[in-house]
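>>> got a predicted structure plus its sequence, pasted below:
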Number of protein chains: 4
Amino acid sequence: MIQVAINGYGTIGKRVADAVREQPDMEVRGVAKTRPNFESETAVDKGFPLYAAVEERADQFEEAGLEIAGPVEDLVDAADVVVDATPSGIGAENKSMYEEYDTPALYQGGEDADLVDTSFNARSNFEDATGADHVRVVSCNTTGLSRVIAPLREAYGVEKVRATLVRRGGDPGQTSRGPINDILPNPVTIPSHHGPDVETIFDDLDIDTLGMKVPATLMHMHSLNVTLEEEVDAAEVRDLFAEESRLFQIPERMDIDGSGKLKEYALDAGRPRGDVWENCIWEESVSTVGNDLYLFQGIHQESDVVPENVDAIRAVLGEADAEESIQTTDETMGIGL
Amino acid sequence: MIQVAINGYGTIGKRVADAVREQPDMEVRGVAKTRPNFESETAVDKGFPLYAAVEERADQFEEAGLEIAGPVEDLVDAADVVVDATPSGIGAENKSMYEEYDTPALYQGGEDADLVDTSFNARSNFEDATGADHVRVVSCNTTGLSRVIAPLREAYGVEKVRATLVRRGGDPGQTSRGPINDILPNPVTIPSHHGPDVETIFDDLDIDTLGMKVPATLMHMHSLNVTLEEEVDAAEVRDLFAEESRLFQIPERMDIDGSGKLKEYALDAGRPRGDVWENCIWEESVSTVGNDLYLFQGIHQESDVVPENVDAIRAVLGEADAEESIQTTDETMGIGL
Amino acid sequence: MIQVAINGYGTIGKRVADAVREQPDMEVRGVAKTRPNFESETAVDKGFPLYAAVEERADQFEEAGLEIAGPVEDLVDAADVVVDATPSGIGAENKSMYEEYDTPALYQGGEDADLVDTSFNARSNFEDATGADHVRVVSCNTTGLSRVIAPLREAYGVEKVRATLVRRGGDPGQTSRGPINDILPNPVTIPSHHGPDVETIFDDLDIDTLGMKVPATLMHMHSLNVTLEEEVDAAEVRDLFAEESRLFQIPERMDIDGSGKLKEYALDAGRPRGDVWENCIWEESVSTVGNDLYLFQGIHQESDVVPENVDAIRAVLGEADAEESIQTTDETMGIGL
Amino acid sequence: MIQVAINGYGTIGKRVADAVREQPDMEVRGVAKTRPNFESETAVDKGFPLYAAVEERADQFEEAGLEIAGPVEDLVDAADVVVDATPSGIGAENKSMYEEYDTPALYQGGEDADLVDTSFNARSNFEDATGADHVRVVSCNTTGLSRVIAPLREAYGVEKVRATLVRRGGDPGQTSRGPINDILPNPVTIPSHHGPDVETIFDDLDIDTLGMKVPATLMHMHSLNVTLEEEVDAAEVRDLFAEESRLFQIPERMDIDGSGKLKEYALDAGRPRGDVWENCIWEESVSTVGNDLYLFQGIHQESDVVPENVDAIRAVLGEADAEESIQTTDETMGIGL
């Protein structure tokens, strides 16, 4: 059993912990957190050994009635691999600790690409991570773009990608984030950093991205244009996407007009936390005009990277190939709406 | 086994169906819906027999690949009790159908109080519903107010209640509802209809309510003032509330500042759909100034009436007394955060 | 003096009335409204003769203490031209009345293109409207796209336009419109109707548009890609845009990150109602990658068509050519931030 | 002519500058700002001498092409009075500078009450400020409460005030503030600090306040309960309020349902920046139940303190009594919708 440490038990970390626990070949060795709150309470309720990410604050947990198993260093030392799910920039600070204990580490998309040996998307470049010490699971948006681009490249060739990423301002619990009533070009400069980030997965891809930020919390929304190398019928593209386990095409008959109903469907279907691990492509939106393919897709920023983290664990340790790992992850998590 | 029909499979109906299925003494005889969408798909996936609420549209379900068990009349005829969870005003239109098949019916809070024999809140007036043919489970806001007022009346006596109800503009999936960026006095006239509605539960209560509508989707928020008949220490009130299974006092240590983190906690804790069936009272907010008690409570508009509907079924059929029913409902649903 | 009737005194109508009053060659003959509210009060305060758009409701105005000059037919009869600023679809119903009184009419962008002789954008096709009886001033979004495309076509040639229109859900006073917390692909199908609408101005243009709707009220935001027929430096494009009076390039030094600060700047600058009649292009965003031009622009849905309506009046009556009219309109209104 | 310095040229400062310029007995000696942005550009356009609030950053203004008249100390030295309109807490830091130059200073409501000799509301305690060196103009919410309470105390006596303040999350241009989709009890503890703040104006008042924060930007909304010392008819209270120049009672016939339409009315009426300096009380909402008075009022957080700052200048310098000053301020600004 692979012993997995999870450093950071917030939006991503807690989801990765639950997903890892579902895997037949993995065990959650423990989770680390900086301070007590409702999340640390559920960590304890779920039986995850809780470590203090900041040793000086360990007594805060005790005051809150939560037992601490030890400092995060103990956890890193004991694990076969660590998933760093700390806020952007903290992962870079933690790198030396992981090196000190000689524990391979996965980082999230908020870290710089040059912090690591390779960036990772299970569908696109699984093998690049084999044996690496430091791997970055790309961000929710980059993951969402990579999953769509990979099959299009293989099937038709991609001449150019242009994408407008309309991003949610904050997650549902992030009450200090805005905007309240605005549509922000963000970043104002074009192309945004998202395009180069996708190029860490496909280094020869021609892609320009534009970012915005809006007052919504549930999902990001991509307006995607892919100029293919040949003219293809939209129906054919839909069939291609239907083969991909991590692409969900929302059928018209479901009458889902946005991320609110989409999340409600996920909740009704019994998904834990209403998570939508798949890209959600509006089937009606998949259209072609000459070589140009267009579509809308919703990306659940809180969860789409979770199965990718699970696969990256196997990739780094060389425990499975892409197909085996993705299949195991999909089956255990219940991916495929 | 009590055979329960659920007419209307939207926000409330689907939750009541799931809750009824958990009861040891009940069975979902079937659910009725007007048109196919993502909700009817999950109804079928869950194995609930699906009836057509509007006979002429039955073929729409077939076109969507969903098998229909028959018209809603068949369902009403076959059931021991029907829970009407249709939109406001439709319940009144359905009343004659329920009478025709001699099936006792529960309605939701959107219907007028004079449509029914009695209005219902399990904690406050369970027995009034025994043997009634038409019972109204009061609205989410009235349920939330009643649950708090009942123990206060019993313990200290209530001189007057003043409440400002800051209501969410729409549910997460209701994308056509606003406002987007406003705070609306709603209704503009004072007192609002909510006060008289609480008086359908406590007929001698002195209560004035004021309503607003704001751009939020997760929960309503009540600013509550209760002038008690005696001066009481806040700590004592917290102890009183701690005895109530459907009041959850959010402890300060959880660091929950609003409905976003509250719902996230519910999701983390594994609650189906992230539902919060309990009133959520911020423990720190429970304060007294002389005879005046103040507090903030969040009310989950989509779910707090669900256990009340379950209890109302037993009340109408005389199958249990309040204590037995509430205990069974709480245990099977997992109420008590 | 051109006698101008304005039928519909809401968001657009009241602004057109104020702009017409500023013109040296025009006079507001009167404005028509369906029912009294705060807008009819300010119409009277401003001295605009007020006509009843629905004769049966004329007494509602009197009850509100507002004097009515007569039925809308009298106004149409007395005017040289009527600007129909009624809600989408009502313009079509009014057409026969305008024909009956032989008064040339301007309609807004919510009407179908085939209702009229020609669609209109002052910068792009002013002369097409000369002598026409029925002219449609294209919508705020189409106006905004046309103003940018026209100079690009003339200077470099345009191979293809791809635009994502992230639209505000409703205007600041439209409290019943949503969404509250969602990003809606809207319409879900691609391309959206906006592209064909731009083609009513440039009939040989290759343009694909995608629409979204978000919870914001202040402005629309366009993510625009124009594939030019040649490779151009971004600085050159900025110089080109600087020549256009109805394009405002927001300089970086102003530190304006979105529509909130932009409107605040307009208010600080003394603009009536804080209106921003110009396209607002973030100067930093104007970028080129090969033949591809990218930019972000904010479009003030309440006001950018106002100068266009003024110009269309002159175009229809043949009172000026494009250059003269635009210059007069710009100077009197104070266009050019 | 009173020479007025304005330190801080943001939301409040720029409005005070414009209002001061309208006064027959005052002159804007200059305004100070920390860094260049769109506001400093309009300051220069309006002809206000611009001083650098932070000397080291003076060259940033020059880079932006804006001429600086000198450091803020020069401005303070040259003025008869300084209005400190800097962000909360900065006023306290500036106090020693004002003392050094022996210039009387007005601070805004974000500063602590004990920083100053007296807190100020023109209607309620104008005379307390005469000759004071340091005066605090109370916050927008406290100003709004004081204006309503003062006449009620005088006419009927006030036994107790209970108010729920539903506050906008941020101003229209404050894009980094949230919440996006939440209703926050804020502060969670009760009573909130607003009640004690009103007591700096009426020291013997019994008042409990509760605060919330919601995703809106236009205005705060108060749900107000005042227990009077006698039973009064609502019509009588409306007549009382009609006598107050800074209370605007929104008539039902205007069909204004919230702050969006209210601001639109102000813009239509030609108010600079659409400012609403008056409390906006929904006339229909003014209701009495026994001794209890209830009402809803909207408070424009950006502007209601502006006339109060103007009056405070005269109060401090002993240049007029309350009645004279309020009348002059009202007439010059155009107060009274």
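Good, I have the coordinates. Model, not experiment: these values are computed from the prediction. Residues are numbered from 1 along each chain as shown, chains lettered A, B, ... in the order given.
>>> what residues does the stretch 201-337 of chain A have near chain C?
A:208, A:210, A:212, A:214-221, A:223, A:225, A:257-260, A:282, A:284-285, A:287, A:289, A:292, A:294-296, A:298 (Cβ under 8 Å from any Cβ of the partner chain). For every residue, glycine as well, the C-beta is placed using N, CA and C.
>>> next step: those residues restricted to strands.
A:208, A:210, A:212, A:214, A:220-221, A:223, A:225, A:282, A:287, A:289, A:292, A:294-296, A:298 (DSSP state E).
>>> in those residues, find the pair that's most separated.
A:V214 and A:V289 (26.3 Å; Cβ to Cβ).
>>> of those two, who's got more company?
Between A:V214 and A:V289, counting by other Cβ atoms under 10 Å in any protein chain shown, A:V214 is the more crowded of the two (26 against 17).
>>> that one pairs with what?
When assigned by DSSP bridges, A:V214 has beta-bridge partners A:R168.
>>> which residues sit in contact with it?
A:166-169, A:179, A:182-184, C:166, C:183, C:214-216 (Cβ atoms under 8 Å, 6 or more residues apart in numbering or on different chains).
>>> how does it look with 6 Å?
Contacts for A:V214 (Cβ atoms under 6 Å, 6 or more residues apart in numbering or on different chains) come out as A:166, A:183, C:214.
>>> swap in A:A53?
A:32-34, A:72.
>>> cool, A:W282 as well?
Here A:W282 is in contact with A:250, A:296, C:185, C:188 (criterion: Cβ under 6 Å, 6+ apart).
>>> which among those residues gets closest to chain B?
A:I250 (8.9 Å; Cβ to the nearest Cβ).
>>> now whatever helix or strand A:E73 lives in: how far from the chain's centre is it?
Assigned by DSSP states H and E, A:E73 falls within helix A:72-78. Centroid separation for helix A:72-78 versus its chain: 24 Å, with Cα atoms, centre = their mean, to the nearest Å.
>>> and if you look at stretch A:78-98?
Distance of stretch A:78-98 from its chain centroid, counting by Cα atoms, centre = their mean, is 16 Å.
>>> now swap in stretch A:96-114 and tell me
The answer for stretch A:96-114 is 16 Å, by Cα atoms, centre = their mean.
>>> and it, end to end?
From its first residue to its last, stretch A:96-114 covers 15 Å (Cα to Cα, to the nearest Å).
>>> pLDDT averaged over it - what is it?
In this model, stretch A:96-114 has a mean pLDDT of 98.
>>> next, the buried residues of it.
Neighbour counts using 16 or more other Cβ atoms under 10 Å in any protein chain shown place A:97-98, A:101, A:103-111, A:113 of stretch A:96-114 among the buried residues.
>>> go on, stretch A:46-57?
Buried residues in stretch A:46-57 (16+ other Cβ under 10 Å): A:46, A:48-53.
>>> got CSV for those residues, with secondary structure too?
Shown next, in CSV, are the buried residues of stretch A:46-57 (DSSP: H, G, I helix; E, B strand; the rest coil):
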residue, secondary structure
A:K46, coil
A:F48, coil
A:P49, coil
A:L50, strand
A:Y51, strand
A:A52, strand
A:A53, coil
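>>> make CSV from those and add pLDDT to it.
Below are those laid out as CSV (pLDDT from 0 to 100):
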residue, pLDDT
A:K46, 97
A:F48, 98
A:P49, 98
A:L50, 97
A:Y51, 97
A:A52, 96
A:A53, 95
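>>> which one of the residues you listed is nearest chain B?
Using Cβ to the nearest Cβ, these come closest to chain B at A:K46, 8.8 Å.
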